[in-house]
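[1] sequence unknown, structure follows:
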């Protein structure tokens, strides 16, 4: 049976983002309204993200995220590589990945979709707009969209 | 043989002359001789005019005195002489004597040498003596004086003679006048020498000409290499310029990247957190705080927009824009679609005359028209905006005009309005950062055109710009 993510409890979100400012903004935006209980876990670079996802090393107890927010501009392993590896892994590839681009130079949207991203969003400069966007994400991806029961 | 007896030097004409006193001969011998003489006389009379007959020389073989020989010798067309074993000449034929105009007596012995040219005498004598002693035949050329005093060139061929018993008998020779031949030879030589001189002259002239030609060739080569150097310099300069241009373009791209990418993030931080600040603390602090936060947010937002505009500006009018055939009427359609909201909101009416097809960058043309028409709509007067776009040929180019009935502008600022970020009004009255016209100017100039404005305050504005004429463009 399929279910909305919220049905089983707080949504486990993984945010892959290296900019502390953006991390805070995202947290703020998600907490703006309390309609969707969630845990926002953060990996600050691509390597860490994959280690967490594979529950390797220190992350043996890590929770498998229901949803991944992936920034493309990461310090070592590039966001596209992380996306590729997630979608190549049979254990991980069913997790929806939402690409958050902060740069107008990320023009190769096609590549992201080819690699299996669920959608591609540019972070708006205007925070109010960002809040609205996050509302939409919560309402659509987290509340409306159905996922297989794990 | 001894020395010949001297003979009288006078020519003897008749047989009646007394011969040299002879020894007393026997009577029958004398008689026989007289008879022979008579017979000879008769024969001569029968034969014709008396030919000169040489004196009989006693002591010599009879055949030498042969009449036939004499006739042959005297009628031959050559001069003939005969010399004895003592080298002295004792006979000259008629042609010889007629040639020299002398008598046999005068010529006899060595008398004939008196006629030899002074300069040839020694050579003549030496040759004769040497060959004679060696019993060798000879040929010699010398000048002999003719009866009229003229020195003529003679070819003298001498041959040794032998008696029937084989003993040496002396020489016999024949001579011919080779003056003409000599003259011809001289002339030939002269002609030859003249020819040689001429050839030398021509060769010299040719050498000079060749020398000059070589010099010219050298000069040409020098000129050529100079030219090649210049061409190389120019090419190098052009390449340098191209390299500089490429580098400058790359720098521009780099700058654009920085503007689009690297500056966005800190800007976003400023804007976003100030907005959060405002959200959380608006009305929670005092009014001043609210005001300050307002300015910060607004400034940050504007900065963001300006960065975007800068990006647009830097991309507008790339050095090598795409050149395609662009129908300006379809461009205008696209622009009106883009500006639909503004047009509807302002109640604007945008009309146009026939517009041509040009060779240009389509997206830049859209940008160009869009900026101008958006300005016309923005800077409108109380009336609803009317914008008219038209085009006509001017020199070799297309001259476009965008005319509106808006607020107009002071012609003193006609240049200033095209400067990046320069505005004529406060932001409160009319929004915008002031890059629209700067972008228009860049686009027009990259299409080899010019843009300018005609306006008076309160009397509307007309923007005019040229797009370079195209090889194939049709005026609909």
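    Happy to help now that I have it. A quick note: this is a predicted structure, and the numbers were derived from the prediction, not measured.
[2] got a pLDDT number for the closest residue to chain B within chain A?
    Closest residue of chain A to chain B, Cβ to the nearest Cβ: residue A:127 (3.6 Å). Quick note: C-beta positions are derived from backbone N, CA and C, even for glycine. Here the pLDDT value assigned to residue A:127 is 86.
[3] And for residue B:121, the neighbour number?
    Under the neighbour criterion other Cβ atoms under 10 Å in any protein chain shown, residue B:121 is assigned a count of 15.
[4] Count the neighbours of the nearest residue to the residue of chain A closest to chain B once chain neighbours are set aside for me.
    Spatial nearest neighbour of residue A:127, chain neighbours left out: residue B:275 (3.6 Å); criterion: Cβ to Cβ, 6 or more residues apart in numbering or on different chains. In terms of burial, residue B:275 registers 23 neighbours under the definition other Cβ under 10 Å.
[5] Low-confidence stretches in chain A?
    By pLDDT under 70, the weakly predicted segments of chain A are A:1-7, A:103-107, A:148-150.
[6] Contact residues of it facing chain B?
    Applying the criterion Cβ under 8 Å from any Cβ of the partner chain, the portion of chain A that neighbours chain B consists of A:19, A:21-22, A:25, A:28, A:102-105, A:123, A:125-128, A:130.
[7] Show me which residues of chain B are close to chain A?
    Going by Cβ under 8 Å from any Cβ, the residues of chain B near chain A are B:257, B:260-261, B:264-265, B:267-269, B:271-273, B:275-276, B:279, B:301, B:304, B:311.
[8] repeat that with 6 Å
    Among all residues of chain B, those adjacent to chain A (criterion: Cβ under 6 Å from any Cβ of the partner chain) are B:260, B:261, B:268, B:269, B:271, B:272, B:275, B:276, B:304.
[9] just the residues you listed now: which is nearest residue B:245?
    The shortest distance between residue B:245 and any of these, using Cβ to Cβ, involves residue B:260 and amounts to 22.0 Å.
[10] where do the helices sit along the chain?
    Just so you know, I chose chain A. Secondary structure of chain A (DSSP state H): helices located at A:20-31, A:46-53, A:79-88, A:109-114, A:127-137.
[11] that's the wrong chain, I wanted chain B
    Using DSSP H, the helices of chain B run over B:27-47, B:67-75, B:94-100, B:104-107, B:118-133, B:179-257, B:264-281, B:287-315, B:328-338, B:340-346, B:362-378, B:436-446.
[12] Least confident of those, on average?
    Here the helices of chain B differ in mean pLDDT, and the lowest is helix B:27-47 at a mean of 74.
[13] so how far is that one from its chain's centroid?
    95 Å (Cα atoms, centre = their mean, to the nearest Å).
[14] do stretch B:209-222 as well
    Per Cα atoms, centre = their mean, the centroid offset for stretch B:209-222 relative to its chain is 9 Å.
[15] cool, and stretch B:357-368?
    Its chain's C-alpha centre lies 52 Å from the corresponding centre of stretch B:357-368 when counted by Cα atoms, centre = their mean.
[16] and if you look at stretch B:183-200?
    Offset of stretch B:183-200 from its chain centre (Cα atoms, centre = their mean): 36 Å.
[17] about what we covered before: just curious, which of the residues of chain B next to chain A is nearest to residue B:328?
    Nearest to residue B:328 among the residues of chain B next to chain A, with distances taken as Cβ to Cβ, is residue B:260, at 29.9 Å.
[18] okay, the closest one: pLDDT?
    Confidence at residue B:260, expressed as pLDDT, is 68.
[19] From the centroid of chain B, which residue is nearest?
    With the centre of chain B defined as its mean C-alpha position, the nearest residue by Cα atoms, centre = their mean is residue B:217, 7.5 Å away.
[20] How many neighbouring residues does the closest residue to chain A within the stretch 301-450 of chain B have?
    Going by Cβ to the nearest Cβ, chain A is nearest to residue B:304 of the stretch 301-450 of chain B, at 5.1 Å. The criterion is other Cβ under 10 Å. On that basis, residue B:304 has 18 neighbouring residues.
[21] With residue A:125 instead?
    Neighbours of residue A:125 using other Cβ under 10 Å come to 23.
[22] again, but for residue B:220
    Neighbourhood size, residue B:220 [other Cβ under 10 Å]: 11.
[23] Just flag the most distant two among the residues of chain B next to chain A.
    Pairwise distances across the residues of chain B next to chain A peak at 24.4 Å for B:260 and B:276 (criterion: Cβ to Cβ).
[24] Spatially, what comes nearest to residue A:93 if we skip its sequence neighbours?
    Closest residue in space to residue A:93, ignoring its immediate chain neighbours: residue A:87 at 4.7 Å, by Cβ to Cβ, 6+ apart.
[25] tell me, what residue is most central in chain A?
    Mean-position check on chain A, Cα atoms, centre = their mean. Result residue A:69 at 1.5 Å.
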